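[1] sequence first, predicted coordinates after that:
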Amino acid sequence: MQGVVFNIQPFSLHDGPGIRTIVFLKGCPLRCLWCDNPESMNPAPELGFARVCCDKCDKCFAVCPEEALLPDGEGFPLIDRERCTVCAECVKVCAPEALAIYGRKRSVKEVFQEVRRDASYFCRSGGGVTVSGGEALYQSSFVTGLFQLCREAGIHTCIETSGFVSPQVLKEVLPLTDLVLYDLKHLNEEEHRRLTGQPNGLILSNARVLAGVPAQVLFRMPLIPGLNSTPENIQATARFLLEVVGDGATLELMPYHRLGMGKYKALGQVYPLEGLASPDPGFVDTVKQTFERAGVRCLVSK
Amino acid sequence: MVMVNTGTLEKIDRLTLSQRAAALRKEFFSCQPGVAGEHAALAMESWRETEAEGEPLDIRRAKLLKKVVSGVPTPIFRGQKLVGSQTKYFLGAYPHIHLDSTYLDPLLGEKGMMTMGGPVEKGVITDEDLATLKEAAKFWKGKTLGDRMREAIAQATGSWADDLTEAGYPRYEAFIPHGQGCIWWEGLVEKGVRAYIKECQERIQGWLDNQEHDMDKLYFWQAVIIGCEAVITLAHRYAQAAREMAAKEADPAWRAELEEIARICDWVPENPSRTFREGLQAIILLQLTLNLYNTCVAVPGLGRVDSYLYPHFRRDLAEGRLTIEEAGELMADFLTYLARLEWVVELSWKDFIQKAQVTNVALGGTDQDGNDASNELTYLILHTEGLLKFAEPHLALGWHRGTPDWLMRKALEINRKVGGGVPQFQNCETAVDLMVRRGVSVENARNWVSVGCSLMLPADQCTSLGATYFNIPLCIDLALHNGVASMTGKRLGPETGDPCTFTTFEDFYKAFRSQAEHLIKKVLWLAEICDWVQASYHHQPLVSAFLPGCLEKGRDFYSGGLPHYRMHYHCDRGHIPAADSLTAIKKLVYEEKKLTMAELLEAIDSNFAAERGEQIRQMCLAAPKYGNDMDEADFMVRDVARFTGEVILSQKNIWGYNYSINRNGLAWHFFAGKRLAALPNGRRAGEPLTDGSLSATQGMDRHGPTALLNSALKADFKEQALGGILTVKFPAPLFATAETRDKVVALTEAFLEDGGTYIQYNILDAQTLLEARKHPEKYRDLVVRVGGYSAYFVNLSPEVQDELIRRTEHSLVGA
């Protein structure tokens, strides 16, 4: 069993309890405007280029067998993505690591062996493994395989998901999952489609299913100023949570940040939210208060 | 085991610095240190007097100390509750020319050129004091321990020791007298100095009654008596000074304080300490007396302050003699005294140790039965240090499985407040195991003291003789050049062959091992010669009096007075760059055959400047590196360390015990790297080596802290060595909340439970460091960690600052 993994990040403290290792899988059916992992969207491996690291040594141009790299006006390589076969020859000669491949095929066993190295820190801190993406469940059989091994080793399992998956997939993965981090991006179907490229019907119906399973669920909401932060959407989200979860409904707010911007450039893409500022703490707190007044316990992620 | 009063802990959490403690702290950060000459004048005068009388050496040295303490200034600074000052300056030091006549030579050139404990700080000095120091340098020429050691080393090895210094070794005999340790402060606090005088008088009487003939014993006891009298003299002089100041003082509150100081100094350390405050004052006055004789690391650490002063602390609180607020103020005074201990450093050491006495205060741990020893006083010391934010003293928390959560949480909170490194975490379980395997009783091992930057010693050998640092990466250079140090062209090791003729990696590895074995054995020989010179020529009776075994035997600890010398340690350092170099050679030359040895050598000998130099350097950098949880690189570190460790452990010290190993830190990596050629790990000539002994090479650990810790565990230092300094750098936000700090607690405990010996944190953001470099005046209190000890960032040399900034940026990228 193999999956396309674009990063394994040990010692992560903010995606689930304790000290965690996050496995980032490639491929996502959504196209959220604020996505901070653009390299995760495409399910296939891709070549990326970080301009700030490049020392213009020219070596990459010569080694590319497809002639997919050509100097731009300033001498930086320009990637012809039609021609590029992601053979990685250019990456091998790039000393400052400006060129990099996003995504590599790796077996469940290999990934498990890597995450298991931190088992002792998981155990001490109440942490474990989190599978993220992209959409973690886009490669659901990889997740099932990995979580089976984790379960056998007593390692806590967590997925971060948009919920845009078939109910059948959820049914297979949930029995092996200890914690689900589940995003509610917008309650209005049209707005959801505009912001993420997909409707929200499947996401909302899956959320109702989730409320009845043994896995722990934490609903989360990316807070994107002006896009999903309207009072109407906040009220609608609160109502939905109270309806689905009832008493004790909890939501974690994830305030928008701009750290993913550089990656768009590296992939030759345009950042969709150019010019949007991250919300100031006062605004985040107002939203939090609104949720709390509506009866939903509200956390804010770091 | 004590039941900790959580109400007291909460009270401590609310403590802030009192106004006068804050004023003294401000003085600390604003005043310029001074170099004073009174000590030198008094020492010369005494030596002339006793020479004329032809007295034995032990007596002459004891009289020298007594003369010094009878004449040095005894200033009391407004607001102090605990008194004691090395010099007339608030921050100041005396150069100890009577121990080494030559070490001031490079510093005496012009006024103001005195280097105070580091390359950037110059001490103020008066014309009169400078003239005295110049006279003293002439007077002591040929008469000191340092002179004796140099002469002995030259007789034994010719120019080899000088050639070694040239290739990046600190002068071994420059750091004298040798040894790091702690004394039995408990005895001082419980019995008082007068009891030691009585004991010596009784032993002398017994010697007479039995008609013994060993005159060395008699002189030793007599010297102890003179030394103890010196301590009392100094205390009474402070009492007198306080009374004189009180007589002239208009402010009734300060006058009453001065009168109280006089009463206390009249009583301790001569007599048993009756209160917590008397205990602290007694410790300061004995420590100060020893400082007036000794320099730097030979001055004893404070040991387990939270254990031996706890009975006084608890009793005073229970009986209403002391409030938590008063205890906090006294602790602030005590820590400020320790922070003020300056020294004048030998020039060749200036990059090696920066402005640090490395005075150690050990906290927590277990008692001799294995029960947790931490208590409210542990908490108070940590809290007060969090308010003061001094780089010194060095707070070391002894961790074991029973260390309570409230203490770990507090320790991480204080790390955040101070900027990391305070306290550092030392594993007492692995240390006790190791000591027991080396023949120490389990009770003495559990009653360890922590010394210097990272050393732990058992109660019955709470001090060690001299330690030297073996430059293991130098052996890579020697193996690549058939025994010649390539930077100096001088032969230091045996001829192990032209590496271009080697056909397998094992051939090269064998050459490296031969160089390492030769170097270690020869440097140990030098160290033994120095130990012998010290045993026969230079004693420390007053220190010995407070060490186990010495009074009974009538022998100084340098002359075999301790019950045993099992934990006499030396330091093999630089395993990470050495092992990473071996891994690169193995991969590039012998396995993947991407390079020939000749190509690699050409690149290295040109410092990677030859035609393919940079390309080859990139190949070297890309080879597997320690710190990323990659077995290949990590096991190479383990194997190299096991080999050098075995060589050290197989050799015996002058008392017939096999050596021990402590892989401690300081800024050795700068000193040793400065004169070392380029290495196959991609490091350029002259660049610093890897800091600590288990930290990763700058910028080479790229998989986060857990990968680094896993690498350190695989290197498996605990089997052979104490220490094993590992610095983990974290961006500041990680320590910002109690929730994330709890995760760092979990990380720390998992690492130590799995056998890590030592861990410390640096909490930094690059922006802060860049600001601090631009505006040093605003950041005088910014503490950072460099290889096992705390330093003020603004006092570090620009190259050390650069490295710290580089590393910080790296850690932020990874966060």
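    Nice, thanks for sending it over.

[2] for chain A, see how far away B:G724 is.
    To chain A, B:G724 is 18 Å away according to CB to the nearest CB, to the nearest Å. For glycine as for every other residue, the C-beta is placed from the backbone atoms N, C-alpha and C.

[3] that residue: how many residues sit nearby?
    For B:G724, the neighbour count with other CB atoms under 10 Å in any protein chain shown is 29.

[4] so where do the helices sit in the stretch 501-650 of chain B?
    With helices called from DSSP state H, counting those that start in this stretch, the stretch 501-650 of chain B shows them at B:505-537, B:541-545, B:550-553, B:575-585, B:597-605, B:613-622, B:631-650.

[5] which residues touch the shortest one?
    What that stands for is helix B:550-553. Contacting residues not belonging to helix B:550-553 are listed as B:196, B:199-200, B:203, B:217, B:220-221, B:224, B:544-545, B:556-557, B:560-562 [CB atoms under 8 Å, 6 or more residues apart in numbering or on different chains].

[6] what would the helices of the stretch 501-650 of chain B look like in CSV with mean pLDDT?
    Below are those laid out as CSV (pLDDT from 0 to 100):
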stretch, mean pLDDT
helix B:505-537, 94
helix B:541-545, 94
helix B:550-553, 97
helix B:575-585, 98
helix B:597-605, 97
helix B:613-622, 92
helix B:631-650, 98
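
[7] biggest strand in chain A, by residue count?
    strand A:2-12 (DSSP state E).

[8] can you give me the buried ones in it?
    Judged by neighbour count using 16 or more other CB atoms under 10 Å in any protein chain shown, the buried positions of strand A:2-12 are A:Q2, A:G3, A:V4, A:V5, A:F6, A:N7, A:I8, A:Q9, A:P10, A:F11, A:S12.

[9] what's the answer for stretch A:26-38, then?
    Under the neighbour-count rule (16+ other CB under 10 Å), stretch A:26-38 has A:K26, A:G27, A:C28, A:P29, A:L30, A:C32, A:W34, A:C35, A:N37, A:P38 buried.

[10] please report phi then psi for the last one.
    The phi and psi torsions at A:P38 (degrees, to the nearest 10) take the values phi -60, psi -30.

[11] list, one by one, the residues from chain B near chain A.
    Residues of chain B found near chain A (CB under 8 Å from any CB of the partner chain) are B:618, B:629, B:703-707, B:709-710, B:733-734, B:737, B:740, B:742-743, B:746-747, B:749-750, B:753-754.

[12] swap in 6 Å and give it another go.
    B:618, B:629, B:704-706, B:710, B:740, B:743, B:746-747, B:749-750, B:754 (CB under 6 Å from any CB of the partner chain).

[13] quick check on those residues: which are buried?
    B:D629, B:G704, B:P705, B:T706, B:N710, B:T740, B:K743, B:A746, B:L747, B:E749, B:A750, B:D754.

[14] B:P423 contacts B:K410, doesn't it?
    No: the pair B:P423 / B:K410 is not scored as a contact, 9.4 Å apart, by CB atoms under 6 Å.

[15] those two: which is more packed in?
    B:P423 (27 against 22).

[16] OK, contacts around that one?
    B:L395, B:L397, B:A411 (CB atoms under 6 Å, 6 or more residues apart in numbering or on different chains).

[17] what values do phi and psi take at it?
    Note on B:P423: its backbone torsions stand at phi -90, psi 170 [degrees, to the nearest 10].

[18] roughly how far apart are it and B:L380?
    13 Å (CB to CB, to the nearest Å).

[19] A:V213 belongs to a strand, doesn't it?
    No: counting by DSSP: H, G, I helix; E, B strand; the rest coil, A:V213 falls outside a strand, being coil.

[20] excluding chain neighbours, give the residue nearest to it in space.
    Leaving aside its chain neighbours, A:V213 sits nearest to A:L174 (5.1 Å; criterion: CB to CB, 6 or more residues apart in numbering or on different chains).

[21] how about the residues of the stretch 51-200 of chain A by chain B?
    A:A95, A:R117, A:D118, A:S120, A:Y121, A:R124, A:S125.

[22] in a markdown table: those, plus pLDDT.
    Converted to a markdown table, these look like this (pLDDT from 0 to 100):
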| residue | pLDDT |
| --- | --- |
| A:A95 | 77 |
| A:R117 | 96 |
| A:D118 | 97 |
| A:S120 | 96 |
| A:Y121 | 96 |
| A:R124 | 94 |
| A:S125 | 95 |
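
[23] burial measure for A:N188, as a count.
    A:N188 is flanked by 15 other residues according to other CB under 10 Å.

[24] mind checking how far it is from chain B?
    34 Å.

[25] retrieve the pLDDT associated with residue 13.
    You didn't pick a chain, so chain A it is. The score at A:L13 is 83. That number is its pLDDT.

[26] can you look at chain B instead?
    97.

[27] gap between stretch A:2-18 and the chain center?
    Taking CA atoms, centre = their mean, to the nearest Å, one finds stretch A:2-18 lying 10 Å from the centre of the chain it belongs to.

[28] which residues does it contact?
    Contacts with stretch A:2-18, where a contact means CB under 6 Å, 6+ apart, come from A:20-26, A:39, A:102-103, A:105-107, A:114, A:118, A:125-127, A:130, A:139, A:142, A:158, A:179, A:302, B:704-706, B:740, B:743.

[29] coming back round to it: need the buried ones from the residues of the stretch 51-200 of chain A next to chain B selected in PyMOL.
    Filtering these down to the buried ones (16+ other CB under 10 Å) takes a single PyMOL command:
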select buried, chain A and resi 95+118+120+121+124+125
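
[30] which two of the residues of the stretch 51-200 of chain A next to chain B have the greatest separation?
    Farthest apart among those by CB to CB are A:A95 and A:R124. That separation is 38.2 Å.

[31] backbone dihedrals for B:M456, please?
    Note on B:M456: backbone dihedrals following degrees, to the nearest 10 are phi -120, psi 130.

[32] so it bridges to which residues?
    Beta-bridge pairing of B:M456 under DSSP bridges involves B:S450.
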